[in-house]
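*Asks:* Using only what follows, build the 3D model:
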Amino acid sequence: MPGQSKKDVHFKQMFELKSGSKTYGSMDTSYDSSRQNTLSQDHEEWESYGVSQSSTESRPDPHNPHPESSGIFPRESSAHNTHHSVHSDKLTYFRDGRRKIDYVLVCEYSPLGSRSLSSSSHGSTSEKKQVKYENWRSTFMSNLVRAGLHMEKEVIQTVNKKCVSFTKIHAPWPVLCQYAEELNMRAPLQANVNPVLNWSEKLLKSLRIPNLMAQNVPNKPPDYFKGPFKRSKIHKYVGSDNTDTFFSNAERIRIVYEIVSTGVYGEKKKGEVGVDRLVEEGVFLSAFPLHDGSYHVPKDYSDPLNARQVLYEYWARWGRWYKYQPLSHIREYFGEKIAIYFAWLGFYTGWLLPAAIVGLLVFLYGVATMNTNQVAHEICTIGESITMCPLCDKELGCGYWKLSDICGYAKISYLFDHPGTVFYAVFVSFWAVTFLEYWKRKSASLAHYWDVMGFKDEMERPRPEFAARAPFQKINPVTGVNEPSFPKSLRKTRIVAGMGLVFLMISLVFIFILAVIIYRVLVSIPLFQNSALRSFASTVASVSGAVVNLFLIMTMSILYEKLALRLTSWEMHRTQTEFDDSLTFKVFIFQFVNYYSSIFYIAFFKGRFVGCPGNYSKIWSLRNEDCRTGGCLIELAQQLAVIMIGKQFFNNVKEVGVPKVMAWFQRKKVQLSKSHLKTRWEKDNHLPLNKGLFEEYLEMVLQFGFITIFVAAFPLAPLFALLNNWVEIRLDAQKFLCQTRRVVAERAENIGIWFKILDMLAHLAVISNGCLISFTSDFLPKLLYQYEHNWSLVGYVNFTLSHSPNGTMSQQCRYKGLRDNQGNFTPFFWKLLALQFAFVIIFEHVVFGICRLIDVLVPDIPEGLEFKIKRERYLAKQALQDSETIINVATGLVELPTKYSRMVLDLTAELGGLSSPRDNILPRANPNTHKLLSGQSGSTASTTSSTTVVTEVKPVLKPRLTRKSATCDDLSSKDKEDADKISRTRTRSAKSDRRSS
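*Replies:* Numbering: from 1, shown residues only. Now for the predicted structure:
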């Protein structure tokens, strides 16, 4: 192929070699013997791409009968050495059993399609595309090898005679150290023996009550005081003598993902960078880290549990629903971003418990005092003598009816409209604000405990889709790299156009609400015409309308999420954070209107614009809906219950069923049956891709709105939310752990933009509950009537019913409204209106004022945490500062007079030498430093010069800087005396500093 060297072509042919293939369903394996004859030559070719063979990770094992199996791409495995019965953890390592698989790349090709790369250039379009994909794959793989990654390939054959290649990737110790420093990872300096307890553990422990929620989870990750990772100070860190366990699996995955995400496969200026775009283009079928073996634990299992089994047994199983979540284990396995979500979900669920208990007590209070309801008693007794005006025009068949027909409805409405609900609305307003304040404290503690406090991804790379579609190139002012670019003015134009489409969809929601209103009117008319069903007409119409509304809401929700995703992609946001924020804003705005608009209509608009007999307000010849005697609060409770509980049921069914359906499609995609999946990488490739946390956060945030904004109408909402969340935690745990591929561990300090949305909902809840109490419930009308007329509410029903104006109806009838015989509002109405507005203003100011006081009294960072932060900074400074100046001088970053050189070299020797592999000159290199950097363990490593160390790791690392080193030859006796004097002075100064501290 033009422009390619002979070595590059040989690399492509070697990578796409199809000779070793295995067929599922039998133990027969076809193997090309010519592959074994040329393997040593292939291995030399890999060495020429920059992979050192001096490292123990790639050195052949003398006990291995196939020395070539320790190379970067060993020969394809036979069925016997792949499917042998071993513990599942063994299947997460290379065949040598020592190098852990950190990442897997999967691609599919036709065995005959890549025999000759050059001969395909004149073929069809699909053949040319295949050749281009092969070129991209080979270039990408060679760049990963140059970065120092180790690889091993497995090839299987599918039922349609195509080959699926699994490339297993391992990051050796020098690569991990280099990128850990570049990614600003933190390393352990000293063990922290103080246990971290939550408030319930502390309370139960102080009361000496057995804690049934506690559990002893094995393999708990230790807690350390940590500092920034520096290769030059590797000997300062706890556990640095064990290169296999120093970095956790999540940290290894994060490092490898950083490498494969920045690997170039084409023209960098066109954004042809990273494995994500290769997967999006179809060059690779998938790319993912492996789970730590199987999550299933057999009954006769005696081996130690792997991390996945520990999480399943002590977290994801349904039997653990009442136990504390092992957050440290979750963070160790999935990373901080996933762990902070489950921490927030568990914290939120725990805080739901007091809200649910108080709400249940308020509801039971309503049940206990139902028989003392004077309003319901009057409706059921004197209602026989009160004739009510028709609910619709005579042409539609509506007639006069008796007030006693709604006796049962009036009794039930008391359960949701009594003085207890007013107290509960105030309680939940304070509960929501206090919950968010204490979550800020919890979040700060977790951020410090997980070493992500102050974390910010300042160097976020462009999204693969953005890089592929961006029409321009621009130099990044921060990195100086030429990156794909998109004009801001054009992006703003697209955002405005997208928001126009969003408002169009919101208008469609309002049209559906109007359709549901008309539906309720049409359903209630025939029911009211039947005297036997008249008592249930309003309930049937309200509940059935809520079900229809729920169906429309769920349908619109699914359609809009797809539309919002396309709109956000069309807006061409550069980074994933910008993309997520824009998508979150659009989806939440729409879902807020979609889910809450019908509830807002019933709460604040229904029954407000009805008119009076002879002057009714109409829409399309249909009279506006009116609230029944007793208020609209019970209809609001019915609407809220149907939408909230129905939505939760639908989402739980979706979370159980969708992963199974997606797994079936994924299995069909690679043409494999479930019984044929033998190895860990095949099983994980069979799992569907995890879609992240967006839908999980959105579901919980909408639930938070249900239980706060409208809680005055439905005190049982927190109880149903609590029951749902107990199920939700296990469903989400099983989805992340068992039903989807493992996610790449990401860092996060908090829940991000979702906290701002929760804070906005909490403030909106204060205003909403104040308006519900004032305008929707009968609390203030009854209170004003008690103050002006009768404290026992006797005659209240008759007082609130007005007479139809003369000459407007065929007979005299009554209707709900504070009007006189001419249809004008009475003075009582205007007094009530003034009281309602005054109550909203006073309620809002008092609650917000107390909330601000809570904000001041409850610090965002606990006092004990501030001490821990200062302690950790002190330890990091003490552990690292003593050698900082010495190392800089020894490497030439800082030059001192010659007379100080001897002292610097002596102190350097005491520190164990310089361990940074990037240094060109290492004075008095410590053999242990060489052992750590080359990945060896044990005490038998031979002493090697510093130059040898650099030679061995040179292909893995970035270009070194030339540094000047001080020598010992120029020291005179006077210089030595001066150096000794300075050394004694530094020692006295250090002792003085320790005494003062």
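
*Asks:* okay, now the nearest residue to Ile340 once chain neighbours are set aside: neighbour count?
*Replies:* Nearest non-adjacent residue to Ile340, counting by CB to CB, 6 or more residues apart in numbering: Ala748, 5.4 Å away. (C-beta placed from N, C-alpha, C; glycine too.) For Ala748, the tally of surrounding residues (other CB atoms under 10 Å) stands at 19.

*Asks:* so what's Ala748 up against?
*Replies:* Neighbour list for Ala748: Glu336, Lys337, Ile340, Val452, Phe455 [criterion: CB atoms under 8 Å, 6 or more residues apart in numbering].

*Asks:* Among the residues you listed, name the ones in helices.
*Replies:* Glu336, Lys337, Ile340 (DSSP state H).

*Asks:* Of those, which is the nearest to Trp199?
*Replies:* Nearest to Trp199 among the ones in helices among the contacts of Ala748, counting by CB to CB, is Ile340 at 18.2 Å.

*Asks:* Excluding chain neighbours, give the residue nearest to the residue nearest to the spatial centre of the chain in space.
*Replies:* Closest to where the C-alpha atoms of the chain average out (CA atoms, centre = their mean) is Leu693, at 3.4 Å. Leaving aside its sequence neighbours, Leu693 sits nearest to Tyr341 (CB to CB, 6+ apart; 5.2 Å).

*Asks:* Let me see the confidence value for the one you found.
*Replies:* Tyr341 carries a pLDDT value of 95.

*Asks:* for Arg986, same thing?
*Replies:* pLDDT for Arg986: 50.

*Asks:* before we move on, back to that, now that we have the contacts of Ala748, which one has the most neighbours?
*Replies:* Most surrounded of these: other CB under 10 Å gives Ile340, at 25 neighbours.

*Asks:* surely it meets Ser443?
*Replies:* Yes. Contact status for Ile340 versus Ser443: in contact at 7.4 Å, counting by CB atoms under 8 Å.

*Asks:* overlap in contacts of the two?
*Replies:* In contact with both Ile340 and Ser443: Glu749, Asn750, Ile751, using CB under 8 Å, 6+ apart.

*Asks:* Now, of the residues you listed, which are buried?
*Replies:* Glu749, Asn750, Ile751 (16 or more other CB atoms under 10 Å).

*Asks:* which ones are touching the nearest residue in space to Asp759 that is not next to it in sequence?
*Replies:* Closest residue to Asp759 apart from its sequence neighbours, by CB to CB, 6+ apart: Leu436 at 5.9 Å. Contacts for Leu436 were tallied using CB under 8 Å, 6+ apart; they are Phe755, Leu758, Asp759, Ala762.

*Asks:* follow-up on the earlier one: neighbours of the residue nearest to Leu693, how many?
*Replies:* By the measure other CB under 10 Å, the count of residues near Tyr341 is 22.

*Asks:* Test my guess that it contacts Glu699.
*Replies:* No. Using CB under 8 Å, Tyr341 makes no contact with Glu699, being 11.6 Å away.

*Asks:* re earlier: three-state assignment of the residue nearest to Ile340?
*Replies:* coil (DSSP: H, G, I helix; E, B strand; the rest coil).

*Asks:* how close does the spatially closest residue to Lys269 that is not a sequence neighbour get to Val264?
*Replies:* Leaving aside its sequence neighbours, Lys269 sits nearest to Asn482 (CB to CB, 6+ apart; 5.0 Å). Using CB to CB, to the nearest Å, Asn482 is found at 12 Å from Val264.

*Asks:* Pull out the buried residues from stretch 554-561.
*Replies:* Quick answer for stretch 554-561 (16+ other CB under 10 Å): Met554, Met556, Ser557, Tyr560, Glu561.

*Asks:* Pipe these into JSON lines and attach distance to Phe288, pLDDT and secondary structure per row.
*Replies:* Shown next, in JSON lines, are those (distance: CB to CB, whole Å; pLDDT from 0 to 100; DSSP: H, G, I helix; E, B strand; the rest coil):
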{"residue": "Met554", "distance to Phe288": "31", "pLDDT": "89", "secondary structure": "helix"}
{"residue": "Met556", "distance to Phe288": "33", "pLDDT": "89", "secondary structure": "helix"}
{"residue": "Ser557", "distance to Phe288": "29", "pLDDT": "87", "secondary structure": "helix"}
{"residue": "Tyr560", "distance to Phe288": "29", "pLDDT": "87", "secondary structure": "helix"}
{"residue": "Glu561", "distance to Phe288": "24", "pLDDT": "85", "secondary structure": "helix"}
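
*Asks:* In JSON lines, list the residues you listed along with distance to Ser617.
*Replies:* Converted to JSON lines, the buried residues of stretch 554-561 look like this (distance: CB to CB, whole Å):
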{"residue": "Met554", "distance to Ser617": "31"}
{"residue": "Met556", "distance to Ser617": "28"}
{"residue": "Ser557", "distance to Ser617": "32"}
{"residue": "Tyr560", "distance to Ser617": "32"}
{"residue": "Glu561", "distance to Ser617": "36"}
